[in-house]
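*Asks:* generate coordinates for the sequence data below:
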Amino acid sequence: MDHRTYRSRTKPTQQAKLRAKTLRNEMTPPEKLLWSVLRDNQLSGLSFRSQHAIGPYIADFYCRNARLVVEVDGSTHSGDQLAHDRKRDLWMQSCGIKVMRVQARSVFSELDIVVRTIQTIALQRAHEIE
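*Replies:* The predicted structure is shown next:
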């Protein structure tokens, strides 16, 4: 997908932008911990955004150069939420965005492994997209 098509398909809706702003102030503890590592280009110079609106959806973390979304899944990701997550992931994949899901408990117990995995995938994708 070319850059212009990508931009038009992923342009955030006004509702998503407003919701993302609210969610930035309501991050969960595992999201806050992961954000402390991803923010300010600390991860190999990769630029991540937190609670970033993409089309009608909001990504926990988004790296535009890699077209990578990182989602932190906690206990709320079950039942109806799983169906919503699947629909959202399919939409993002149709836009050429890779969605990586990590368990909240893994952020706490295996932060180094989670971060290295994100770094590896993001660097590989960024190189492929260039």
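*Asks:* surely Leu123 touches Ala66?
*Replies:* Yes: the criterion here is Cβ atoms under 8 Å, and Leu123 meets it with Ala66 at 7.4 Å. Where you see a C-beta, it was placed from the backbone N, CA and C, and this is true even at glycine.
*Asks:* which one of these two is surrounded by more residues?
*Replies:* Neighbour count, other Cβ atoms under 10 Å: between Leu123 and Ala66, Ala66 has more, with 24 against 18.
*Asks:* quick one, helices of this structure?
*Replies:* 3-10, 14-24, 29-38, 80-94, 104-109, 111-129 (DSSP state H).
*Asks:* the residue nearest in space to the middle of the chain and Val107: what is the separation?
*Replies:* The centroid of the chain falls nearest to Val69 when counting by Cα atoms, centre = their mean (2.7 Å). Using Cβ to Cβ, to the nearest Å, Val69 is found at 15 Å from Val107.
*Asks:* same question for Arg86.
*Replies:* Distance from Arg86 to Val107, by Cβ to Cβ: 22 Å.
*Asks:* check Pro12 too.
*Replies:* For Pro12, the distance to Val107 equals 25 Å [Cβ to Cβ].
*Asks:* quick one: which of these two has more around it?
*Replies:* Counted by other Cβ under 10 Å, Pro12 and Val107 do not tie: Val107 has more neighbours, with 22 against 17.
*Asks:* quick one: contacts for that one?
*Replies:* 30-31, 33-34, 72, 114 (Cβ atoms under 8 Å, 6 or more residues apart in numbering).
*Asks:* how about a cut-off of 7 Å?
*Replies:* 30, 33-34, 72, 114 (Cβ atoms under 7 Å, 6 or more residues apart in numbering).
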